[in-house]
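Enquirer: Any chance you could fold what I've pasted below:
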Amino acid sequence: MKTVRLVALGPSATEVPRFEEGVEVFGIQYTWQHFKLTRAFVMDDPKWIIAKNHSYTNPLDVEKDMREAGCPIYTSQKWENVPNTVEYPIEEIKKEFPVHYFMNSMAYMFALAIHEGFERIETYGIDLRYISELGKEMKYHTNWLDETHCGAFWAGVAIGRGIEVVTPKRSSLMKPVSPGETSIYGYEISPTIEKQRAEILASRKKAVETKTEEVMVFRPPKGMDQKEFLKQVSVGALKPVGTAKIKPVEDENKTQNKTLDTK
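Expert: Numbers count the residues shown, from 1 in each chain. Modelled structure (predicted):
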């Protein structure tokens, strides 16, 4: 089976198998320092990535590191000072995939692997989240939500073409947002959904309990005292001047008093 391993620097990168002949390994920037790659991907704008690496307390010479990576490096454009850079075939990829959805280097790796006919795509270190304790707490950077959705999209494209996609437990790709939650809606109910449903029903019940009702409003004729006014209302001698909405109360006298305009 034609297999490729896509490698990033998340915690599950520790699960990358030993290098095997015939199995390709694609990696993002600096994974070449830890793994034997067949190809690397640095799709960032050159000026930005150089400036970023030079801004560290201990500056990094990214061009030198790329030259010493020991493998071809796909980039958005050829780097003048890095002879082993290869321009990514973006026009071919865009032509094959009409949905142009590339939020990170992982997306470009996925697309190229699909384009080149790999039958199995394994992902390692493409976790896109921090986990303080595996399976209990997950924290996203805001942009990682974009990247997670994009990764799930490309995994779906691959699976739709009959490619086997393998992700480790610590990856958020094709997983519920909260670790341990179920992912078969309508057949399984997760604790989170159970809680949401209880809150919805409670809010609906509260809304019903506080529902208003429409009542008639009467106004006493000039000079009529309250006692006579109430009597005239009770026997139907006075016509209402309008209606009003009120919250129902248990005390009938209070309800009656609220319907009367004694001004």
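Enquirer: Leaving out the residues flanking it, which one is nearest to P83?
Expert: Leaving out its chain neighbours, the residue that sits closest to P83 by Cβ to Cβ, 6 or more residues apart in numbering is R67, at 7.1 Å. Where you see a C-beta, it was placed from the backbone N, CA and C, and this is true even at glycine.
Enquirer: residues in contact with the one you found?
Expert: By Cβ atoms under 8 Å, 6 or more residues apart in numbering, the contact set of R67 is 81-84.
Enquirer: Just the pLDDT for it.
Expert: Reported pLDDT at R67 in the predicted model: 96.
Enquirer: Against D45, how distant is it?
Expert: 19 Å (Cβ to Cβ, to the nearest Å).
Enquirer: now do Y185
Expert: With Cβ to Cβ as the criterion, Y185 and D45 are 40 Å apart.
Enquirer: Of those two, give the one with the bigger neighbour count.
Expert: Per other Cβ atoms under 10 Å, whichever of Y185 and D45 has more neighbours is D45, with 12 against 9.
Enquirer: bridging residues for the nearest residue to V16 once chain neighbours are set aside?
Expert: Spatially, and ignoring its direct neighbours in sequence, V16 is nearest to Y124 (4.5 Å; Cβ to Cβ, 6+ apart). Each beta-bridge partner of Y124 is listed here: V7, as defined by DSSP bridges.
Enquirer: Distance-wise, check Y124 relative to T148.
Expert: Distance check for Y124 against T148: by Cβ to Cβ, it reads 16 Å.
Enquirer: next one: K169
Expert: K169 sits at a distance of 15 Å from T148 (criterion: Cβ to Cβ).
Enquirer: Who has more neighbours out of those two?
Expert: When neighbours are counted by other Cβ under 10 Å, T148 comes out ahead of the other of K169 and T148, with 23 against 11.
Enquirer: How about the backbone phi and psi for that one?
Expert: When quoted as degrees, to the nearest 10, the phi and psi of T148 stand at phi -60, psi -50.
Enquirer: surely it meets S171?
Expert: No - at 9.2 Å, T148 and S171 do not qualify as touching, with contact defined as Cβ atoms under 8 Å.
Enquirer: Where does the prediction get shaky in the chain?
Expert: Within the chain, the ranges that satisfy pLDDT under 70 run 129-144, 179-180, 207-211, 247-263.
Enquirer: Give the residue farthest from the middle of it.
Expert: For the chain, the C-alpha lying farthest from the average C-alpha position belongs to G223; by Cα atoms, centre = their mean, that distance is 68.5 Å.
Enquirer: Now name the helix or strand holding it.
Expert: Element membership for G223 (DSSP states H and E) is empty, with no helix or strand holding it.
Enquirer: gap between it and F229?
Expert: Summarising the geometry, the distance separating G223 from F229, computed by Cβ to Cβ, is 10 Å.
Enquirer: just G162 next, same as before
Expert: If you measure G162 against F229 using Cβ to Cβ, the figure is 83 Å.
Enquirer: More neighbours: which of these two?
Expert: Per other Cβ under 10 Å, whichever of G162 and F229 has more neighbours is F229, with 18 against 7.
Enquirer: Wait, a strand at that one?
Expert: No - read with DSSP: H, G, I helix; E, B strand; the rest coil, F229 is helix and lies in no strand.
Enquirer: Which parts of the stretch 101-250 of the chain are strands?
Expert: Remark: strands of the stretch 101-250 of the chain, listed N- to C-terminal, are 120-124, 130-131, 138-139, 164-166, 213-217, 242-246; assignment by DSSP state E, counting those that start in this stretch.
Enquirer: which one of those strands lies closest to S178?
Expert: Closest approach to S178 among the strands of the stretch 101-250 of the chain is made by strand 138-139 (6.8 Å; Cβ to Cβ).
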